[in-house]
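# here is the input, now give the coordinates:
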Amino acid sequence: MAEYISLEKALSKVKSGDYIVTGLGAAEGREFMTKLHTVADKIKKTVTVSNCLPMGDYEFFSNPAYKGKFMCESWFYTPSLRKAHANGMVSFVPNHLHLAATKRLAFAKPNIYVGLATPPDKHGYVSLSLSNTYERRMIDNADLVILEVNPNAPRTFGDVQVHESEVDYFVKVDYPIPELPDAEPNEKDLAIGKLIAELINDGDCLQLGIGGIPNAVAASLTGKKDLGIHTEMLTTGMMKLFKAGAVTGAKKQIHTGKMAAAFAMGTRELYDFLDDNPGVAILDGAYVNDPYTIAQNDNQVSINTTLEVDITGQCCSESLGSRQFSGTGGQADTVIGAQNSKNGKSIMALYSTAMVKNKDGVREEVSKIVCQLKQGAAVSLSRNDVDYLVTEYGMVALRGTSIAERARRIISIAHPKFRDALKKEALAIGIIAD
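You can find the predicted model right below:
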């Protein structure tokens, strides 16, 4: 049975050269990560930590004083990781979400897994609460399992139950679960959201992300009926759709009547909704995000955002040139899965422009639709896999189109002041002809 120990004793289990994995987002071992740097003096060989969407700016990866002691290798960057990357203590792990655990385990097995859990129930089971993107698979392979048991963690169902006999140590904690504020859609978000909502029918099954555009989409769907949820990330917007009566899951082919997800992040209201809710299933990310699994629901619609797209349809969703910004996550998983679904659709959304600093440090408006991606840009989604593309200026269907045809269509939804320049450049490099 798991032994209850102090945080300090848990930290004492860390040895030189260890590989540690922690949970995704709000499911990470927050107190352990906050204090990990305190064992630096005993570290003779670098300790590596894998995380994903960390919710804190932790000393072990952000303080240059600990370079050589710790290395953070992350599946998905946050602002704190982007900043720390410059110190040489952070590196990105390329992945598709449904393969994040299996591919990482092929490279290295963890010495320690540390993450969030609910207190044990009367049968000795804890819930991993807010994520099973990769967590359970790491627990099954780790030499040592340490769980921070937090009474504030929502008890969820699905593939997240772990018996205390499978855990080495429990650490009692009592901090509020980190929240993501519900982003208020702006004018562009609302325009894009309205266009996307027109493609969504009663009974469709949805995958949505987080942010202004997905929130605007959700807000436009409150009048729909019998929507389903099969998604990578369960969000506050999806909860609001359920409470509005738009989501029932009645038309789903798998997990009928339930909202299925790999993880959840959002507001306290969302966490309260998830607690002891048998209508929500937090499932193994290798399963829920497998394109084959996604395709088993008819009328699956995936809605994702991107940072930059070229006029052939290549989407860079995770980097600014060669600088890592976020991660691939499950974008390709959900896009491909949706298009293999009967009557499924995949939608990629972005603003037509962004304000960026030029070489003189002055902010200027640039097009996010470009003739060619920036040098070093990561192609998060191949042009072979793009279906619908939308900006605040319109939506175009790209499935089955030639390069010349899709270039014309994509240019048509660029900001009007950049369209002529895009056409000239496309002519100059031979993508389109006179």
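
# wait, isn't residue 73 in contact with residue 49?
Yes: counting by Cβ atoms under 8 Å, residue 49 is a contact partner of residue 73 at 7.3 Å. Quick note: C-beta positions are derived from backbone N, CA and C, even for glycine.

# counting neighbours, go ahead and name the busier of these two.
Set residue 73 next to residue 49 and count neighbours by other Cβ atoms under 10 Å: residue 49 wins out with 26 against 18.

# okay, and the beta partners of that one?
residue 20, residue 72 (DSSP bridges).

# that one contacts residue 60, doesn't it?
Yes: assessed by Cβ under 8 Å, residue 49 is found in contact with residue 60 at 6.9 Å.

# between those two, what contacts are shared?
Among the neighbours of residue 49, those also in contact with residue 60 (Cβ atoms under 8 Å, 6 or more residues apart in numbering) are 33, 36, 70, 72.

# looking at the residues you listed, which is nearest residue 14?
When the shared contacts of residue 49 and residue 60 are compared for distance to residue 14 (Cβ to Cβ), residue 36 wins out at 7.3 Å.

# from residue 12, how far off is that closest one?
Counting by Cβ to Cβ, to the nearest Å, the gap from residue 36 to residue 12 is 12 Å.

# quick one, which of those two is more surrounded?
Set residue 36 next to residue 12 and count neighbours by other Cβ under 10 Å: residue 36 wins out with 25 against 12.

# and the nearest residue to that one once chain neighbours are set aside, its phi and psi?
Distance criterion Cβ to Cβ, 6 or more residues apart in numbering; nearest residue to residue 36, sequence neighbours excluded, is residue 60 at 4.4 Å. In terms of degrees, to the nearest 10, the main-chain angles of residue 60 are phi -60, psi -30.

# my guess is residue 60 contacts residue 70. True?
Yes: counting by Cβ under 8 Å, residue 70 is a contact partner of residue 60 at 4.4 Å.

# compute the number of surrounding residues for residue 383.
Residues contacting residue 383 under the criterion other Cβ under 10 Å number 16.

# and the one 10 residues further on, by the same measure?
Residue crowding around residue 393 was assessed by other Cβ under 10 Å; the count is 18.

# for it, which non-adjacent residue is closest in space?
Counting by Cβ to Cβ, 6+ apart, the residue nearest residue 393 is residue 413, at 4.7 Å.

# does that neighbour touch residue 395 like I think?
Yes: when contacts are counted by Cβ under 8 Å, residue 413 is listed as touching residue 395 (7.0 Å).

# compare these two (neighbour count), which wins?
Neighbours per residue (other Cβ under 10 Å) separate residue 413 from residue 395, with residue 413 holding more: 20 against 17.

# check which helix or strand covers the more buried one.
Assigned by DSSP states H and E, residue 413 belongs to neither a helix nor a strand.

# in contact with it, which residues?
Residue 413 sits next to 352, 369, 389-391, 393-396 when contact means Cβ under 8 Å, 6+ apart.

# same thing but at 7 Å, please
352, 389, 391, 393-394, 396 (Cβ atoms under 7 Å, 6 or more residues apart in numbering).

# separate out the buried members of the residues you listed.
Using 16 or more other Cβ atoms under 10 Å as the burial test, these include 352, 389, 391, 393, 396 as buried.

# who's the second one bridged to?
Which is residue 389. Beta-bridge partners of residue 389, counted by DSSP bridges, are residue 348, residue 396.

# correct me if wrong: it contacts residue 401.
No: at 10.7 Å, residue 389 does not count as touching residue 401 under the criterion of Cβ atoms under 7 Å.

# sorry, back to before: ok, so of the contacts of residue 413, who is nearest residue 258?
Among the contacts of residue 413, and counting by Cβ to Cβ, the member closest to residue 258 is residue 389, at 30.9 Å.

# retrieve the pLDDT associated with residue 209.
Looking at residue 209, its pLDDT stands at 80.

# relative to residue 232, how far out is it?
Note on residue 209: its distance to residue 232, by Cβ to Cβ, is 8 Å.

# and if you look at residue 10?
Here residue 10 is placed at a distance of 30 Å from residue 232 (Cβ to Cβ).

# give me every residue that touches residue 98.
Applying Cβ under 7 Å, 6+ apart to residue 98 gives the contacts 285-286, 289-290, 330, 333.
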